[in-house]
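Novice: Have a look at this prediction, sequence included:
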Amino acid sequence: MHNSYHVEAWEQISAIKSRILRIWDGAPAPVRLSCIKFAQRVVLAQTVSNGQEAKYGGLDISLGMVPPNHPLLDPRLMEAEATGLLDRMLAVLQDNSSDALLVDATLNCLSILIRTRPSTSNRIINCVLNFNPLKLANSPMTPKNKVLMKSMEKTTRMLMINILKRDPNNQHGGRIQQYVERLMRSRAEIFDEAGRKRQLADQAAAQYGDLKRQKMETTAAVAPGPAAPVQPVVVPPLAPGPQTLAAIFTLTNNPGLQAFDATNIPANLVAKIVARTLNTIDQSVLDFAVNGVRSRLHTLQAAAVTAAAQYAAQGAAVPPAINPATAPLGVEEDDDDYEPNLDAAEDTEQILNKLDNAPPETSLDEYANPNAALGLGPFTLPPPPLIDANVASKLSTVAASRVFGPLSSLSSEGPAKKPKAGINRLAASSYDRDSWLTVVTRLATRSTFGLEEQQGPIKAEDGGAVPRPPVASTFNNATREMLFTYILEDWRPRIEIAVAWLSEEWYNDQLTKRLGVENAPLHYETWALRLLDGFMTFITGQDKVLTRFLAEIPELSRELLGRLKTLCGDPNTLGLAMTSLLYLVMMRPPVRELALDTVTGIWVECEYFLKRGYRREDDANHVVITDEEARPLAAKYLSKWRPGWVDQQLQLQAAQQAANGAALAA
């Protein structure tokens, strides 16, 4: 509300709102439920509150917070848009929708609007009173329709009952009471069929007749006569020639059944079929089939004995059985004209030629020493291929992005209270999000430590020397950028990650200074300033995490604390900035003087700009401390921690003004 100069932020908010409202109708059900909740929040924010919601602590966002002369927000247009969104929400009830999810979500959102926005209550109550949640009773009563009707009816009834409980003297109280009673009666007529009284026995007999007599008459009418004789099972004879085991047990002439492969049926299903068939089959049919198979086996055995006797009478051996898998195809092959010469002389000559060309055999002395065969010669890996700088930069970026891949799947849950191990904690002690973030921060700070040293000067054409720029680690910088983005995405709960990262950067810079590397880049100050600038873009007066951040990072500089002067230009964040500086003065003695210098700078700059009549709107790009409360608050802290300094400054200013007045008079 008070940052009307942030035009880009307001435009982004409007674009996001338009995008959500545009996808409302065509989105899946879960997204539509979220859109309904979002529309409810927009209606709450763009209508006037009743001011009676004490649980929000005075932070109920409503149209009453917009000043009448706001350059970007027009209260009339916003209220009209809220009315249109409310009508869009009520369209689900006006159309008597049968989608229980949308209806229940809309009714649950309307209850808050009725309670906190009296200007919308009449429109909402009239729409709900015209809604019929039991409309599906005219359609077939499937279990699904029953569940949908029960859900919508219960939600509607509870909404109306809660309205009556909160305001018994409501102008719509009588209509609401009648509506609730009508819903309950309709529900009882539709669903409570089991609770109705049964008909008398004689009435049921007169309507349906004697069921036992009807059953007996029907049974007598369809009673079967004498059983027809069972058709005898005919066992077809076997074909001449060799037979398979399947053919012996096949008792049908149907070619389709003969070609069916019974091994494809699961064993448990076969067991059920066999058990049920044996239980229902006639015993005479079963005996006839068994005797038929037995006669086939006897016939085959007799034929085999007869054939063996015939071969024995002729004095010939019984031919072996032919395997169809290895039997010849019976195709006549053409005679080949090629007949190779395979005499022994030619083979011997070829063998001798091969022996002459063979390598010399290894002597037996080498095999006598077992270590001789185990000795390995020198082996060197081939040099890696040269990689272009652009290719290396792209590969480093891809590798850094893959490092952040597991963060989405890792769990952040752990013990209720974890001990802080400090800088020497084990990064891979447990496979959770905290351990992996420790690995990421150390990859960003320590993975190429010592490789950024200067490689010596570059010779110039005139004989001089030009210092060589330090070698930048693309992987480290890419990892730092992604870590910076990851923290700013949700910076309040991730403030510990920011502190851990800056601690690693500070440790890396200290090791670099200890090694005495010339012109080596130092990263702590750069990324600390970037993080603080990123936080201050979204900070509010209730964000105590800023004080925690300044208290836990390893080192503070004058430029870092100077960023707090930006917060002193806003009345909402002035107290947070001064409280953070006071905390540093009290709890961090090494930076006490630095924090007090920042407070004195705030006092001096506030005095300077106020005397010259500056206002924030005069120079939006410069830090101008114009809040009248900043100077008294700074003077209060300085009077305790630097007694006499404010009086001395006032005396110096008075003396300077007197000198200037004397000079003008002369």
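Specialist: Good, I have the coordinates. Residues are numbered from 1 along each chain as shown.

Novice: looking at it, L633 is touching L574, isn't it?
Specialist: Yes: L633 lies in contact with L574 (CB atoms under 8 Å); the separation is 7.1 Å. The way it works is simple: take the backbone N, C-alpha and C, and place the C-beta from them, glycine included.

Novice: Whichever strand or helix holds T479: how far from the chain's middle?
Specialist: Using DSSP states H and E, T479 maps to helix 474-489. With CA atoms, centre = their mean, to the nearest Å as the basis, helix 474-489 stands 21 Å off its chain's centre.

Novice: and that helix, which residues are buried?
Specialist: 474-480, 482-484, 486-488 (16 or more other CB atoms under 10 Å).

Novice: can I get these in CSV with pLDDT and distance to A655?
Specialist: Output for the buried residues of helix 474-489, formatted as CSV (pLDDT from 0 to 100; distance: CB to CB, whole Å):
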residue, pLDDT, distance to A655
T474, 77, 58
F475, 80, 60
N476, 84, 55
N477, 87, 53
A478, 87, 57
T479, 89, 56
R480, 91, 51
M482, 90, 56
L483, 92, 53
F484, 93, 49
Y486, 91, 55
I487, 92, 50
L488, 91, 48
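
Novice: can you put the residues you listed in TSV and add distance to A665?
Specialist: Shown next, in TSV, are those (distance: CB to CB, whole Å):
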residue	distance to A665
T474	67
F475	70
N476	65
N477	62
A478	66
T479	67
R480	61
M482	66
L483	63
F484	59
Y486	65
I487	60
L488	58
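
Novice: what's the closest of the residues you listed to N357?
Specialist: Using CB to CB, F475 comes nearest to N357 of the buried residues of helix 474-489, at 56.9 Å.

Novice: just for the stretch 251-400 of the chain, where's the confidence low?
Specialist: Counting by pLDDT under 70, the stretch 251-400 of the chain shows low-confidence ranges at 315-349, 352, 355-356, 358-377.

Novice: Three-state assignment for the spatially most distant residue from the centre of the chain, please.
Specialist: Residue farthest from the centre of the chain, counting by CA atoms, centre = their mean, is A313 at 87.9 Å. Of the three states, A313 takes helix under DSSP: H, G, I helix; E, B strand; the rest coil.

Novice: Contact partners for it?
Specialist: Listed by CB atoms under 8 Å, 6 or more residues apart in numbering, A313 has no contact partners.

Novice: quick one: it from P242, how far?
Specialist: 22 Å (CB to CB, to the nearest Å).

Novice: So which bits of stretch 138-145 are buried?
Specialist: N145.

Novice: Ok, stretch 648-660 next?
Specialist: Buried residues in stretch 648-660, counted by 16+ other CB under 10 Å: Q649.

Novice: could you give the mean pLDDT of it?
Specialist: Computed over stretch 648-660, the mean pLDDT rounds to 81.

Novice: so how far is it off the chain centroid?
Specialist: 65 Å.

Novice: Just the CA coordinates for that stretch, please, in CSV.
Specialist: Below are the C-alpha coordinates for stretch 648-660, written out as CSV (Å, rounded to 0.1, in the frame of the first residue of the first chain):
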residue,chain,number,x,y,z
GLN,A,648,29.0,17.6,21.2
GLN,A,649,27.5,17.5,17.7
LEU,A,650,24.8,19.9,18.6
GLN,A,651,27.3,22.3,20.0
LEU,A,652,29.4,22.1,16.9
GLN,A,653,26.4,22.7,14.7
ALA,A,654,25.5,25.7,16.8
ALA,A,655,29.0,27.1,16.6
GLN,A,656,29.0,26.6,12.8
GLN,A,657,25.7,28.3,12.4
ALA,A,658,26.9,31.3,14.5
ALA,A,659,30.1,31.5,12.4
ASN,A,660,28.1,31.4,9.2
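
Novice: For T526, which three-state class applies?
Specialist: Assignment for T526 (three-state DSSP): helix.

Novice: Count the residues that sit near it.
Specialist: Look at T526: counted by other CB atoms under 10 Å, it has 12 neighbours.

Novice: same question, L567
Specialist: If we define neighbours as other CB under 10 Å, then L567 has 24 of them.

Novice: Just list the residues touching it, thanks.
Specialist: M536, I539, T573, L574, L576, A577.

Novice: If we use 6 Å, what do you get?
Specialist: In this structure, L567 makes contact with T573, A577, judged by CB atoms under 6 Å, 6 or more residues apart in numbering.

Novice: Tell me the spacing between it and N126.
Specialist: Relative to N126, and taking CB to CB, L567 is found at 49 Å.

Novice: quick one on the thing from earlier: what angle sits between whichever helix or strand comes after the helix holding T479 and helix 474-489?
Specialist: For helix 474-489, the following helix or strand on the C-terminal side (DSSP H and E) is helix 495-515. Using axes from the mean of the first three to the mean of the last three CA atoms, to 10 degrees, one finds that helix 495-515 and helix 474-489 are set 150 degrees apart in direction.

Novice: what does helix 495-515 contact?
Specialist: Contacts of helix 495-515 (CB under 6 Å, 6+ apart): 437, 441, 445, 487, 520, 522-524, 527-528, 531, 545, 549, 552-555.

Novice: go again using 7 Å as the cut-off
Specialist: The set of residues external to helix 495-515 that reach it, using CB atoms under 7 Å, 6 or more residues apart in numbering, is 423, 437-438, 441-442, 445-446, 449, 483, 487, 520, 522-524, 527-528, 531, 545, 548-549, 552-555.

Novice: about what we covered before: quick check: the residue farthest from the centre of the chain vs L300, distance?
Specialist: 21 Å.

Novice: Name the residue closest to the centre of this structure, please.
Specialist: For the chain, by CA atoms, centre = their mean, the most central residue is S408; offset 6.8 Å.

Novice: dump the residue contacts of S111.
Specialist: Here S111 is in contact with L159, N162 (CB under 7 Å, 6+ apart).

Novice: Fine by me, we can end here.
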